[in-house]
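*Asks:* after the sequence you'll find the predicted model.
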Amino acid sequence: MKIFILLVTTLLFYCGTSSLEVKKPISEISGSMSPPELQDGFYAILVGKSFYPNRLANSEIEEGESEIVFLFYLIKLDKRYILIDTGTSSISTSKIAVQNWISSDQILGSAGIKPGMIGEIILTHFHSDHSGGINLFPNAKIYVTPEDWYSLKKNRTLGSKLFAKERSGKVQFVKSSFEVFSNFRILLTKGHTQGSIAIEWLRSPGKKFLITGDECYWVEFCKQGHSLSSEGTFSLSNNKEFLDYVSVLSSSGTKILTMHDPAVLSLGEEVLPRIYKLD
Ligand SMILES: [Zn+2]
């Protein structure tokens with residue numbers, strides 16, 4: 001009888017332990033172990049979701065809203081960490097509420113990337129859903145056009161730290177097409193905002209990416225050269241000119257990536273929660 005009770009107790013103990021482990025939330029698991037290190041590569045990071053009016057995106061439909069995601073991109077090249085945009089730092093922008101929001105630094109932290117490790121940030125434009133996390137990364141040098149930096153500094157919540165950043169010499173003003181590293185080039189587009197930019201990256205022979213910023217939203221319509229509406233642009237003619245270029249690049253095999261299309265995530269594999277490896 002004693003042996004039987006011991007056996008039952010032991011079994012209960014092990015079953016109990018294993019079921020507890022299965023039910024542990026992901027955050028607790030990652031908190032108790034050192035985070036896995038990301039491989040070198042190109043990643044899309046999902047900050048949150050929302051709905052956005054179709055008339056402001058490059059949609060064929062004018063009415064209603066569509067679900068969008070809030071993305072930024074990470075490039076890891078050995079010890080060099082580069083962000084394209086920074087995600088939003090609050091749970092809502094001035095125009096739209098962000099659902100399921102997690103702070104950019106927290107998502108990167110789950111992959112062992114501390115804020116101080118981000119060395120460079122390329123800002124596609126000044127809008128808060130792209131620039132809101134800019135002050136989370138104290139060591140980063142910022143590539144931005146003078147026009148959009150000026151607009152950004154008007155933002156009261158970000159402003160004072162941005163002046164300090166500029167004084168420290170960590171803002172590189174982009175005034176013409178500029179190569180950040182070999183075959184990775186910033187393009188001035190200046191359609192969506194006065195100083196908006198895009199990025200063209202020849203990753204390897206035959207593999208090219210174009211990150212459009214918010215010059216276009218829906219990848220399928222971007223490929224067709226479908227521009228924004230005048231309401232969604234600073235300069236509609238600049239936006240149209242860039243979208244012509246997008247369709248030409250797309251037809252010759254370049255992968256088009258935007259900042260808000262959920263379809264971007266299906267191009268990659270989710271290697272950690274909200275971190276999608278694209279290449
Ligand atoms: Zn945006």
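*Replies:* Received it, and whenever you're ready, just let me know what you need.

*Asks:* roughly how far does whatever residue of the stretch 1-150 of the chain ends up closest to the ion sit from V144?
*Replies:* Closest residue of the stretch 1-150 of the chain to the ion, Cβ to the ion: D129 (4.5 Å). Every residue, glycine included, has its C-beta placed from N, CA and C. From D129 across to V144, the span is 16 Å (Cβ to Cβ, to the nearest Å).

*Asks:* quick one: low-confidence parts of the chain?
*Replies:* Scanning the chain for pLDDT under 70 picks out 1-33, 89-95.

*Asks:* the domain parsing of it - what is it?
*Replies:* Following automatic domain parsing, one gets these domains for the chain: 1-33, 41-277.

*Asks:* redo the ones you listed as CSV? Include mean neighbour count.
*Replies:* As requested, the domains of the chain are exported to CSV (neighbours: other Cβ atoms under 10 Å):
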stretch, mean neighbour count
domain 1-33, 9
domain 41-277, 18
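
*Asks:* for the stretch 1-150 of the chain, which residues are neighbours of the ion?
*Replies:* D129 (Cβ under 5 Å from the ion).

*Asks:* please enumerate the strands of the stretch 1-150 of the chain.
*Replies:* Here the stretch 1-150 of the chain has its strands, by DSSP state E, counting those that start in this stretch, at 41-53, 65-77, 80-84, 120-122, 141-144.

*Asks:* can I get these in TSV with distance to K208?
*Replies:* Putting the strands of the stretch 1-150 of the chain into TSV (distance: least, Cβ to Cβ, whole Å) gives the following:
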stretch	distance to K208
strand 41-53	12
strand 65-77	15
strand 80-84	15
strand 120-122	17
strand 141-144	20
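
*Asks:* wait, which of the ones you listed is closest to L202?
*Replies:* Set against L202 and scored by Cβ to Cβ, these come closest in strand 41-53, at 12.4 Å.

*Asks:* which element is T157 on?
*Replies:* Assigned by DSSP states H and E, T157 belongs to helix 156-167.

*Asks:* for that helix, the distance to its chain's centre please.
*Replies:* 22 Å (Cα atoms, centre = their mean, to the nearest Å).

*Asks:* also stretch 59-75?
*Replies:* 12 Å.

*Asks:* check stretch 96-116 too.
*Replies:* Stretch 96-116 sits 10 Å away from the centroid of its parent chain (Cα atoms, centre = their mean).

*Asks:* can I get it in PDB? Just the C-alpha atoms.
*Replies:* What follows is stretch 96-116, C-alpha atoms only, in PDB (Å, rounded to 0.1, in the frame of the first residue of the first chain):
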ATOM      1  CA  ILE A  96      -5.600  56.100 -34.700                       C
ATOM      2  CA  ALA A  97      -5.600  53.800 -31.800                       C
ATOM      3  CA  VAL A  98      -3.100  50.900 -32.000                       C
ATOM      4  CA  GLN A  99      -4.300  47.500 -30.800                       C
ATOM      5  CA  ASN A 100      -2.100  44.800 -29.300                       C
ATOM      6  CA  TRP A 101       0.700  47.300 -29.000                       C
ATOM      7  CA  ILE A 102       4.100  46.300 -27.600                       C
ATOM      8  CA  SER A 103       7.000  48.800 -27.300                       C
ATOM      9  CA  SER A 104       9.800  48.300 -29.900                       C
ATOM     10  CA  ASP A 105      12.500  48.000 -27.300                       C
ATOM     11  CA  GLN A 106      10.600  45.300 -25.500                       C
ATOM     12  CA  ILE A 107      10.200  43.200 -28.700                       C
ATOM     13  CA  LEU A 108      13.900  43.700 -29.500                       C
ATOM     14  CA  GLY A 109      14.800  42.800 -25.900                       C
ATOM     15  CA  SER A 110      13.100  39.400 -26.300                       C
ATOM     16  CA  ALA A 111      15.900  38.700 -28.900                       C
ATOM     17  CA  GLY A 112      18.600  39.900 -26.600                       C
ATOM     18  CA  ILE A 113      19.000  43.300 -28.300                       C
ATOM     19  CA  LYS A 114      19.400  46.100 -25.800                       C
ATOM     20  CA  PRO A 115      18.400  49.600 -26.800                       C
ATOM     21  CA  GLY A 116      22.100  50.800 -26.600                       C
END
